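1. structure for this input, please:
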Amino acid sequence: MPSAARTVSACTLLSALASACAGAGSSVVAPAAPAYTDTVQARAAEELAELPPPCPRDAAPDGCSAVHRLVIDYGRLRRRVRAMRDAATDPDR
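-> Numbering: from 1, shown residues only. Sure thing, here's the model as predicted:
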């Protein structure tokens with residue numbers, strides 16, 4: 001069984017470590033999404049429109065496009081990253 005002095009020392013150490021983080025803030029780090037020109041975006045939209053409908057996330061049956069699914073998911077991820085970056089620069093949002 002630990003001695004009372006050892007228990008008090010452990011509690012003191014844990015309290016000191018925990019309080020060291022109390023005043024520290026945190027910030028969201030979101031990578032910058034690559035920017036595409038209007039020309040590239042228009043071309044991508046044309047190509048995407050020619051693909052079959054997107055596959056579900058968990059299967060790739062005949063008649064659907066896995067690439068279409070990935071592009072949709074990538075677009076959603078870009079929107080989420082953009083929202084995180086905007087919130088980090090404008091906390092009142």
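2. nearest residue to the middle of the chain?
-> To find the centre residue of the chain, average its C-alpha atoms and take the closest one (Cα atoms, centre = their mean): that gives residue 81, at 6.0 Å.
3. so it belongs to a strand, correct?
-> No - assignment of residue 81 by DSSP: H, G, I helix; E, B strand; the rest coil gives helix, placing it outside any strand.
4. next up, the contacts around it.
-> Each residue near residue 81 by Cβ atoms under 8 Å, 6 or more residues apart in numbering is listed here: 30, 31, 33. Where C-beta positions appear, they are placed from N, C-alpha and C, glycine not excepted.
5. ok, 10 Å please
-> Contacts here follow Cβ atoms under 10 Å, 6 or more residues apart in numbering; on that basis residue 81 touches 28, 30, 31, 32, 33.
6. same question for residue 63.
-> 52, 53, 55 are the contacts of residue 63 under Cβ under 10 Å, 6+ apart.
7. which of these tops the neighbour count?
-> For the contacts of residue 63, neighbours were counted by other Cβ atoms under 10 Å; the highest total belongs to residue 55, with 18 neighbours.
8. surely it meets residue 71?
-> No - contact between residue 55 and residue 71 fails when scored by Cβ atoms under 10 Å: they sit 11.4 Å apart.
9. common neighbours of those two, please.
-> Taking Cβ under 10 Å, 6+ apart as the contact definition, residue 55 and residue 71 share the neighbouring residues residue 65.
10. list the contacts of residue 33.
-> Neighbouring residues of residue 33 by Cβ under 10 Å, 6+ apart: 74, 77, 78, 79, 81, 82, 85.
11. and if we set it to 6 Å?
-> With contacts defined as Cβ atoms under 6 Å, 6 or more residues apart in numbering, residue 33 is in contact with 78, 81.
12. that one: what secondary structure?
-> Classification of residue 33 by three-state DSSP places it in coil.
13. distance of it from residue 48?
-> As for residue 33, its distance to residue 48 is 18 Å (criterion: Cβ to Cβ, to the nearest Å).
14. same thing with residue 85?
-> Using Cβ to Cβ, we find residue 85 at a distance of 25 Å from residue 48.
15. ditto for residue 84
-> Per Cβ to Cβ, residue 84 is found 25 Å from residue 48.
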